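Novice: give me a 3D structure for the following:
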Amino acid sequence: MNKYSTAIIGLLSLFTLMMQAFLFLGTIMTIWMFGSSSTNRKDAIAMILDNIDLTNSSLTPNFYAAFYLGILFFTSLTLFLYLNCIRHLLQNINEKIYFEEKNLKMIKRTLIFFSLYTLVNFGLELIHRAFNVTYLYDASAYPAYSWVGVFDGLITVMGIYVLYVVFRQGVLLKQENQSIV
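Specialist: This next block holds a predicted model:
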């Protein structure tokens, strides 16, 4: 691998680490907001409820806010773990470790974590439709919270699965070549 590729992989690895730090700090800030005082808690709930309309829904505002926070924490966790796998894969590639069992396991975990993230987005969208939760903004401007985001997630999951199959074949070929020698 040339120096340009090594630099790009290093930058991508740094970017994933920064995104992980952002997710961690955001989670800590959210916990602090809800745990510090009732005023902060009310402000945070109001911020969640400002973007939706529950007038035609059977969900109460407090239940929806708690549900949304649960979804937020779960998606943050799955994205954190997904980015961790990607960062480890990038580090292995930078160290010229390609078709090894540990990379195959990392790609499989990447597939699992991103699939969970996509399923949660799909579930959130189903809940919104089933309980008549209406967005007060253009949902297409926020693709993670619409059917477009679910569709994008499914396409990404398919791409990760294809990479997993290719890496699995590469690991098998490498093992076969080593057994012949």
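Novice: strands of the chain, start to end?
Specialist: For the chain, applying DSSP state E gives strands covering 52-53, 134-135.
Novice: which of these has the lowest mean pLDDT?
Specialist: Ranked by mean pLDDT, the strands of the chain end with strand 134-135 at the bottom, a mean of 82.
Novice: what pairs with it, parallel or antiparallel?
Specialist: With DSSP bridges as the test, strand 134-135 is paired with strand 52-53 (antiparallel).
Novice: can you list contacts of the strand it pairs with?
Specialist: 64, 133-136 (CB atoms under 8 Å, 6 or more residues apart in numbering). (C-beta placed from N, C-alpha, C; glycine too.)
Novice: can you check stretch 86-95 too?
Specialist: So stretch 86-95 is contacted by 1, 6, 9-10, 12-13, 16-17, 20, 98, 100, 102-103, 106-107, 110 (CB under 8 Å, 6+ apart).
Novice: which residues of this structure score low on pLDDT?
Specialist: 138-146 (pLDDT under 70).
Novice: helices of that one, start to end?
Specialist: 3-36, 38-49, 61-94, 101-130, 147-180 (DSSP state H).
Novice: any idea how far L154 is from L126?
Specialist: In this view, L126 and L154 are 14 Å apart by CB to CB, to the nearest Å.
Novice: more neighbours, the two?
Specialist: L154 (15 against 11; other CB atoms under 10 Å).
Novice: the more buried one contacts S115, correct?
Specialist: No. Contact criterion CB atoms under 8 Å: L154 and S115 do not qualify, at 9.1 Å.
Novice: one step back: okay, the strands of the chain in TSV with distance to Y68 next?
Specialist: What follows is those, written out as TSV (distance: least, CB to CB, whole Å):
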stretch	distance to Y68
strand 52-53	9
strand 134-135	13
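Novice: pick the most buried one from these.
Specialist: Highest mean neighbour count among the strands of the chain (mean count of other CB atoms under 10 Å): strand 52-53, with a mean of 16.
Novice: now it, how far from the centre of its chain.
Specialist: 24 Å (CA atoms, centre = their mean, to the nearest Å).
Novice: next: stretch 49-62.
Specialist: Taking mean C-alpha positions (CA atoms, centre = their mean), stretch 49-62 and its chain are 25 Å apart.
Novice: cool, stretch 47-65 as well?
Specialist: 24 Å.
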